[in-house]
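J.: using only what follows, build the 3D model:
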Amino acid sequence: MTTTLPATTDLARIVAVSTAVPETSYSQAELLDIFRIEDPRVRSVFLNSAIDRRHLTLPPEGPDGTRVMEVQGQLLAKHKTHAVDMGVRAVQDVLKQTGADLSDIGYLCCVTTTGFLTPGLSALIIRELGIDPHTSRLDVVGMGCNAGLNALNAVNGWSRANPGRLAVMVCAEACSAAYVFDGTMRTSVVNSLFGDGAAAVALMAGEPELPLAHAEGPRILKFASYIITDAVDAMRYDWDDTQDRFSFYLDPQVPYVVGAHAERVVDRLLAGTGLRRSDIRQWLVHSGGKKVIDAVGVNLGLTRHDVRHTTGVLRDYGNLSSGSFLFSYERLLQEQVVEPGDHCVLMTMGPGSTIETALVRF
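T.: Model prediction:
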């Protein structure tokens, strides 16, 4: 069908994607045994999460074999260590795919929510990898699971303003550094859901200034956002006085609130493009949890096949926060079913409560 979408070659395109996780992973049943959780309600939350395994860095064992709960300072140190490690590996691999060198990076954007760092993750990765210290950079901190698309929007803008130059975005989330173990249902839901992981993407607009082994990929056409201000407190990461550390809070109504507003933002994304929802060949939705995925799917009329990558990432990794949608994107590419001209909607959800979307064309 004829659309009003732009066809100019100055649009930025995603030329590569890469992911990284810690070496250690655990099944939900293994985690219940490790933490000696006997409460049938909590066990049910873990075992009915649609998650098989997650990559995590667990607290150390004490003399009696139980896990020693880390203080906030130790959690921040854990975040720094693992976010940098995973982020570095993801960046290295995404450059390898494109055939680019570290010196080719013109812009580095780092995204994280699971720990606060000053200097930011971008400075630490630049130092660790030996990237040119003149490299432009941006740190997106504290925006939560939706942040990957917020950051992609910024990187897209830089790429279009600097055609021919390589921009890299990395989402590095050490969710193990944000856990509280107090036996409550609130924290148990969080502990059953999140996993550690990082993902990086390389973007470029125009023709590369230097020859690259790979410089093709879907072009980014449009972004659309929606903040559900009535639910601004439904997802929070704030200080817990009783635990003396930061703690996640997820309102039980979040899946239904997000699902009920999914149509609004997708319709805005497609407005003026000549596209209908039925024209979208691929959907990559944030792996926020089984209920979230189901609620979004029902409200958008998506099939199980439409969200196969989303549910697959949830099953194998849990909720990876800001980088989840890139794990799904990587699986879509590996599947090798996308055809030239296919349109794909990317969707992330997070605190605010916020829904972020992007439209790309292969």
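J.: centre of the chain to stretch 244-251, how far?
T.: 19 Å (Cα atoms, centre = their mean, to the nearest Å).
J.: now stretch 67-82
T.: Chain-centre distance of stretch 67-82: 21 Å, with Cα atoms, centre = their mean.
J.: contacts for that stretch?
T.: Contacting residues not belonging to stretch 67-82 are listed as 22, 34-35, 57-62, 112, 114-117, 124, 172, 174, 176-179, 181, 196, 244-246 [Cβ atoms under 8 Å, 6 or more residues apart in numbering]. For glycine as for every other residue, the C-beta is placed from the backbone atoms N, C-alpha and C.
J.: tell me the confidence at Leu193?
T.: The predicted structure scores Leu193 at 93 on the pLDDT scale.
J.: what's the local residue count around it?
T.: By the criterion of other Cβ atoms under 10 Å, Leu193 has 24 neighbours.
J.: hang on, isn't it packed against Asn48?
T.: No: shown here, Leu193 and Asn48 do not form a contact pair, counting by Cβ atoms under 8 Å, at 11.7 Å.
J.: and the contacts of stretch 67-82, which are buried?
T.: Among the contacts of stretch 67-82, those scoring as buried are 22, 34-35, 57, 59, 112, 114-115, 117, 124, 172, 174, 176-179, 196, 245-246 (criterion: 16 or more other Cβ atoms under 10 Å).
J.: quick one: the one helix or strand Arg54 maps to to chain centroid distance?
T.: Taking DSSP states H and E as the definition, Arg54 sits inside strand 53-55. Here strand 53-55 is found 15 Å from its chain centre; the criterion is Cα atoms, centre = their mean.
J.: partner strands of that strand, parallel or antiparallel?
T.: Strand 53-55 has the following sheet partners, assigned by DSSP bridges: strand 25-27 (antiparallel).
J.: hmm, who's touching the strand it pairs with?
T.: Contacts of strand 25-27 from elsewhere in the structure, counted by Cβ under 8 Å, 6+ apart, are 34, 52-56, 58.
J.: farthest-apart pair in these, please.
T.: Distances among the contacts of strand 25-27 were taken as Cβ to Cβ; the most separated pair is Asp52 and Leu58, at 17.3 Å.
J.: picking that back up, among the buried ones among the contacts of stretch 67-82, which are in strands?
T.: When strands are assigned by DSSP state E, the members of these inside them are 112, 172, 245-246.
J.: you'd agree Gly259 is up against Ile293?
T.: No: when contacts are counted by Cβ under 8 Å, Gly259 is not listed as touching Ile293 (9.2 Å).
J.: which residues does Ser287 contact?
T.: Applying Cβ under 8 Å, 6+ apart, one finds that Ser287 lies in contact with 293, 310-311, 313-314, 317-320, 324-325, 327-328.
J.: 6 Å instead, please
T.: Neighbouring residues of Ser287 by Cβ atoms under 6 Å, 6 or more residues apart in numbering: 310, 313-314, 319, 324.
J.: let's have these in CSV, adding pLDDT, neighbour count and distance to Ala83.
T.: Supplementary listing: the contacts of Ser287 in CSV, determined by pLDDT from 0 to 100; neighbours: other Cβ atoms under 10 Å; distance: Cβ to Cβ, whole Å:
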residue, pLDDT, neighbour count, distance to Ala83
Thr310, 98, 26, 23
Val313, 98, 28, 19
Leu314, 98, 29, 21
Asn319, 97, 24, 16
Ser324, 98, 30, 15
